[in-house]
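> My questions concern the predicted model and sequence given below.
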Amino acid sequence: MAAGVYNQAIGAFQSNSHINNFNHQHKLNNIGRLAVTKDFIRNEAALILVRHGESLWNEKNLFTGCVDVPLSKKGIDEAIEAGKRISSIPVDLIFTSALIRAQMTAMLAMTQHRRMKVPIIMHNENEQAREWSQVFGEDTKKHSIPVISAWQLNERMYGELQGLNKQETAERYGKEQVHEWRRSYNIPPPNGESLEMCAQRAVAYFREQIEPQLLSGKNVMLSAHGNSLRSIIMYLDKLTSREVISLELSTGIPMLYIFKEGRFIRRGSPTGPTEAGVYAYTRNLLSVALER
Ligand SMILES: O=C(O)[C@H](O)COP(=O)(O)O
């Protein structure tokens, strides 16, 4: 999908406020010393990453990869719990993979958000789908969050392991071989993708489609998968191919990054609403959250 098409779809949804902020900021920068204004201080954005909740195949311990299976009951609960943890962090735009488990997770999480905006899936597959899914009410748009799904964020393709039991596969091929297929950076499972191959599409998508949104001040939630997120975290945290081997992501635990001055600052997982500290992600974002 061409970048322009996405931008067109998102553009149809966005209020002009961030553009105004940008113009305003730009003018101030031109004038010189007034650059540190309220808008400028707010020139940071939240990035929430969440691995989908437990799927029906996670529950059965099957290699899943690009097979499109839904969440289990436990996964549904995890997604709702994830939503509670991020309920006060502003979200302007949601990216998900093209797979239902990531989409369910994002949707269920958003049912807990304190702004109660409605997530709406963008349909950009062809001109008619785009036209027929248009929203005309300006006020309605303001109370909606565009959801963009992209195959590039899908789980790594697990090749001939898809649908096989992880335990049985380890017994058949040996624990070390299976660990190598699952966690090494550049060794693909039979006829599947290595983490490196998965990173080539997932990180490229992140850089081309998601980073510009953060740069323009949009707060983004990204709901994806164990390995597409491992490759993106490798990029964000500048992990080496050795370090990424031991990076494990739990299902349904959101991770927060602050994007500021072109850098990603990892803030860990926001604590639940009953725990102290949930509002403390950054003072600037907090004031944005309270105003919206
Ligand atoms: O696709 C799968 O089977 C899992 O979601 C991720 O599997 P992994 O833990 O082997 O990377």
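Everything's here; your move.

> what sits against S149?
Taking CB atoms under 8 Å, 6 or more residues apart in numbering, we find S149 in contact with 95-98, 103, 121-122. To be clear about C-beta, it is placed using only N, CA and C from the backbone, and glycine gets the same treatment.

> Could you rerun that using 10 Å?
Shown in contact with S149 (CB atoms under 10 Å, 6 or more residues apart in numbering): 94-100, 102-103, 106, 121-124, 223.

> of these, closest to I145?
Nearest to I145 among the contacts of S149 is I94, at 5.7 Å by CB to CB.

> What helix or strand is the closest one located in?
strand 93-97 (DSSP states H and E).

> State the mean pLDDT of that strand.
For strand 93-97, mean pLDDT is 98.

> Point out where this protein drops to low pLDDT.
For the chain, the stretches with pLDDT under 70 are 1-42, 272-292.

> still on that earlier bit, are any of the contacts of S149 buried, and which?
Those of those that meet the buried threshold are 94-97, 99-100, 102-103, 106, 122, 124, 223, by 16 or more other CB atoms under 10 Å.

> count of neighbours near M255?
By other CB atoms under 10 Å, the residues close to M255 number 21.

> quick one: it is in a strand?
Yes: per DSSP: H, G, I helix; E, B strand; the rest coil, M255 lies within a strand segment.

> So what does the nearest residue to I48 once chain neighbours are set aside have for phi and psi?
In this structure, I48 finds its nearest non-sequential neighbour in M221, 4.4 Å apart by CB to CB, 6 or more residues apart in numbering. When read as degrees, to the nearest 10, the backbone of M221 gives phi -110, psi 140.

> Contact partners for M221?
Neighbours of M221 in contact, by CB under 10 Å, 6+ apart: 46-50, 82-83, 86, 89-96, 105-106, 109-110, 113, 119, 145, 147, 254, 256.

> residue ranges for the helices of the chain, please.
3-13, 17-31, 38-41, 56-59, 73-85, 100-110, 127-132, 138-142, 166-173, 175-183, 195-205, 211-215, 226-236, 283-291 (DSSP state H).

> Roughly how far does the residue nearest to I48 sit from P254?
8 Å (CB to CB, to the nearest Å).

> Can you narrow the contacts of M221 down to the ones near the ligand?
Contacts with the ligand within the contacts of M221, counted by CB under 6 Å from any ligand atom: none were found.

> Derive a ChimeraX selection command for the buried subset of these.
To isolate the buried ones among these in ChimeraX, judged by 16+ other CB under 10 Å, type:
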select :46,47,48,49,50,82,83,86,89,90,91,92,93,94,95,96,105,106,109,110,113,119,145,147,254,256
